[in-house]
Each structure stands twice: as C-alpha cells, then as structure tokens.
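> I need the structure of the sequence given here:
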Amino acid sequence: VQLQASGGGLVQAGGSLRLSCTASGFTLDQYAFGWFRQAPGKERDGVSCIGRSGGTFYRDSVKGRFTISRDNTQNTVYLTMNNLKPEDTAVYYCAAGRPDAVTLCGPYEYWGQGTQVTVSS
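Coordinates of the predicted model:
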C-alpha cells in the first residue's frame, strides 16, 4: 500500500497548483482521503478531505480557493489550489482511511510522503 503525493512547487501569490495523490495497493472507493499541511515550526493541520461518496470538507482558510476531488478510475485524489497565499506555504501530505458509516473522513491508515508548496509574495 502506497500513497504518492506530487505537484508541489514554487508559485507566486495569486497563482495555482494542483496536487495529486496516487494510491497503489488498494481500491480507492472504500477510502476517504485527506490533505494535510505542515508549515515550519507548526503542527500538521487538516486542509480538506473527501469522503467515499464525494462529500467534502475544507478548513475555513482555504474555502473558495481549494477544491478536492477524486478519480477512482485513476486511483488519484487531487487538491486544486487557486489564489495561493504566502500563508499556504507548507509541506502537503495526503492520507487515506476507512471511516465508519457516519463519519465523512478519518481516521487515517495510510500516509504519503509530503510535497513542498512554496508561495512567494
């Protein structure tokens, strides 16, 4: 089982990036996925998640700018990030887990390696 995160990079404020999280070793449709980020000297925070049926959650600071989506046929989950701000600079991680029937996302069983997003002002 492996999650591979990619798509990070250096972008100017106001720019866009699309992160990808490609899974191998399991079938996506039974899993919810989350994106997390960790800035230097700070704790890892949840950014967004997408449930098995497509329901989504976003932290307030990214609402209206970030969009999470999934393509089960490609075994990939995406995080499209628009209007990026310097405070979005962090290492971004994806995670996968099988929530119970009443939970949208979490707990997470599998974690990918991080991908660095740097937003310059």
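> Could you tell me how many residues sit around Ile68?
When counting by other C-beta atoms under 10 Å, one arrives at 24 neighbours for Ile68. Every C-beta, even on glycine, is put in place using the N, C-alpha and C of the backbone.
> Show me what the most centrally placed residue in the chain bridges to in the sheet.
Computing the C-alpha centroid of the chain and ranking residues by C-alpha atoms, centre = their mean puts Trp35 first, at 2.5 Å. Taking DSSP bridges as the rule, Trp35 bridges to Ser48, Cys94.
> And for Val117?
If you apply DSSP bridges, the partners that Val117 bridges to are Gly9, Ala90.
> Contacts only, for it.
8-9, 11, 17, 19, 37, 81, 84, 88-92 (C-beta atoms under 8 Å, 6 or more residues apart in numbering).
> can these go into a markdown table with extra columns for pLDDT?
Output for those, formatted as a markdown table (pLDDT from 0 to 100):
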| residue | pLDDT |
| --- | --- |
| Gly8 | 98 |
| Gly9 | 98 |
| Val11 | 98 |
| Leu17 | 98 |
| Leu19 | 98 |
| Arg37 | 98 |
| Met81 | 98 |
| Leu84 | 98 |
| Asp88 | 98 |
| Thr89 | 98 |
| Ala90 | 98 |
| Val91 | 98 |
| Tyr92 | 98 |
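> What subset of the residues you listed is buried?
When the contacts of Val117 are checked for burial by 16 or more other C-beta atoms under 10 Å, the buried set is Gly8, Val11, Leu17, Leu19, Arg37, Met81, Leu84, Asp88, Thr89, Ala90, Val91, Tyr92.
> Would you state the strands of the chain in chain order?
Using DSSP state E, the strands found in the chain span residues 2-6, 9-12, 17-24, 32-38, 45-50, 56-58, 66-71, 76-81, 90-97, 110-111, 115-120.
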